[in-house]
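Participant: Dropping the sequence and predicted coords here.
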Amino acid sequence: LGVTAPPQTEQCLYLVTEPVTPLRRHLRLRPPTGDSGEQEVAWGLHQLLTALSFLGGSGLVHHALALDAVFVDPGGDWKLGGLERVAAASEGVPPRPPGVPPRPHDPPELSDPSREKGEPW
């Protein structure tokens, strides 16, 4: 997300980003229909893959990729958020934050740390 010039005081630093809409809400308000909707989704996916490729090329992994981690700016560009869950790929799967229950599609490594590493193929 683009950051605007943040106001700053001696006690606090404010982080102000460009205006964005969560992707889930954007899709609900403007459902993709016809060729233009398909092109919008294809372009958005391309933008996300570009961001993920950049992270991967930098040795980083996004551990919270979901609909809620994607935002849409007023120009229709898709932006990757949730960067607080980005970690070095060498660190493996991070532990689940305290108080967060397992989700149906979580990998088994999250619930059983002993399964983190497997035999090489």
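Facilitator: Received, thanks.
Participant: For the helix or strand where Val61 lies, which strands pair with it and how are they oriented?
Facilitator: When elements are assigned from DSSP states H and E, Val61 belongs to strand 60-62. Its sheet considered, strand 60-62 pairs with strand 86-88 (antiparallel) by DSSP bridges.
Participant: Outside of the partner strand itself, which residues are in contact with it?
Facilitator: Here strand 86-88 makes contact (CB atoms under 8 Å, 6 or more residues apart in numbering) with Leu55, Gly59, Leu60, Val61, His62, His63, Pro94. C-betas here are computed from N, CA, C, even on glycine.
Participant: tell me the contacts of the first one?
Facilitator: By CB under 8 Å, 6+ apart, the residues touching Leu55 are Val61, His62, Val86.
Participant: if you skip the residues just before and after it, what's nearest to the residue nearest the centre of the chain?
Facilitator: Most central in the chain under CA atoms, centre = their mean is Ala69, positioned 3.7 Å from the mean C-alpha point. Closest residue in space to Ala69, ignoring its immediate chain neighbours: Gly82 at 3.3 Å, by CB to CB, 6 or more residues apart in numbering.
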